[in-house]
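In: Structure for this input, please:
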Amino acid sequence: MKKKYNDLIASLTDKELLHHLYLTQIILLTISFILGWLLFDHLSYLNNIHFNDIEFVTVGIPLGIAVVIIDVALMNWLPSSYYDDGGLNERIFKNRNGFHILVIALFVAFSEELLFRGIIQTKVGLIMASIIFAVIHYRYLFNWFLFMNIVLLSFFIGVIYDLTENLAVTITMHFVIDFLLGVYIKFRRLKVDDR
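Out: Got it, this is the predicted structure:
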């Protein structure tokens, strides 16, 4: 199964890979709006996005940076096999400019947090939302460390949502993590290519 997945990823062009990335996020947004319409009165889950609350800066940004620092340290200390996702993250970020990485990170953070924290966690709880979040990141199912990592990260972000009751905080945190790791992957790859 893992070999089939890796072969599929290798067979995609960069353009096809980006197309699938954006299509996946559009599907998640569509699911969010359908479930939000069905499960909440007047899309009330959107009322939990408070960018006028300074916590999105004072909590979301520092916690996102802390997660990235820990992740980068682990990437440098652990065997590379622990972070082997079949090369997908590298393929997504290595040829993107900083602005495109920012757009990808913002789109992913918004669509995933809206669905997983704003709807799923609100309706079925933190543990179920964390497991579904991990499963939706299909490529991590083939690597025990990445799967454990994504479950713990999702659980941590979910706890932050429970504490702040503000999706803007978790959207910001998720954005910071994805953006900084995207930039790190791009520049780490450039350093390897220069050798």
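
In: which residues of this protein score low on pLDDT?
Out: Along the chain, segments meeting pLDDT under 70 span 1-3, 5-6, 8-9, 189-195.

In: what about 90?
Out: By pLDDT under 90, the weakly predicted segments of the chain are 1-15, 42-45, 84-91, 94-95, 134-143, 187-195.

In: elements contacting the longest helix belonging to it?
Out: When the chain is parsed with DSSP state H, its longest helix is helix 167-194. Secondary-structure packing of helix 167-194 (3 or more Cβ pairs under 8 Å, 6 or more residues apart in numbering; DSSP states H and E): helix 55-58, helix 60-77, helix 88-93, helix 98-113, helix 144-164. For glycine as for every other residue, the C-beta is placed from the backbone atoms N, C-alpha and C.

In: so which of the ones you listed gets nearest Phe133?
Out: helix 144-164 (4.0 Å; Cβ to Cβ).

In: what angle separates that closest one from helix 60-77?
Out: When axes from the mean of the first three to the mean of the last three Cα atoms, to 10 degrees is applied, the directions of helix 144-164 and helix 60-77 differ by 160 degrees.

In: Send me helix 144-164 as PDB with only the CA atoms.
Out: Written as PDB, here are the backbone C-alpha positions of helix 144-164 (Å, rounded to 0.1, in the frame of the first residue of the first chain):
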ATOM      1  CA  TRP A 144       4.200   5.400  12.900                       C
ATOM      2  CA  PHE A 145       6.200   8.400  14.000                       C
ATOM      3  CA  LEU A 146       4.400  10.800  11.700                       C
ATOM      4  CA  PHE A 147       1.000   9.400  12.600                       C
ATOM      5  CA  MET A 148       1.700   9.800  16.300                       C
ATOM      6  CA  ASN A 149       3.100  13.200  15.600                       C
ATOM      7  CA  ILE A 150       0.000  14.400  13.700                       C
ATOM      8  CA  VAL A 151      -2.400  12.900  16.300                       C
ATOM      9  CA  LEU A 152      -0.500  14.700  19.200                       C
ATOM     10  CA  LEU A 153      -0.300  17.900  17.200                       C
ATOM     11  CA  SER A 154      -4.000  17.800  16.400                       C
ATOM     12  CA  PHE A 155      -4.800  17.000  20.100                       C
ATOM     13  CA  PHE A 156      -2.700  20.000  21.200                       C
ATOM     14  CA  ILE A 157      -4.300  22.400  18.700                       C
ATOM     15  CA  GLY A 158      -7.700  21.000  19.900                       C
ATOM     16  CA  VAL A 159      -6.800  21.700  23.500                       C
ATOM     17  CA  ILE A 160      -5.900  25.300  22.500                       C
ATOM     18  CA  TYR A 161      -9.300  25.600  20.800                       C
ATOM     19  CA  ASP A 162     -11.100  24.300  23.900                       C
ATOM     20  CA  LEU A 163      -9.200  26.800  26.100                       C
ATOM     21  CA  THR A 164      -9.600  29.900  23.900                       C
END
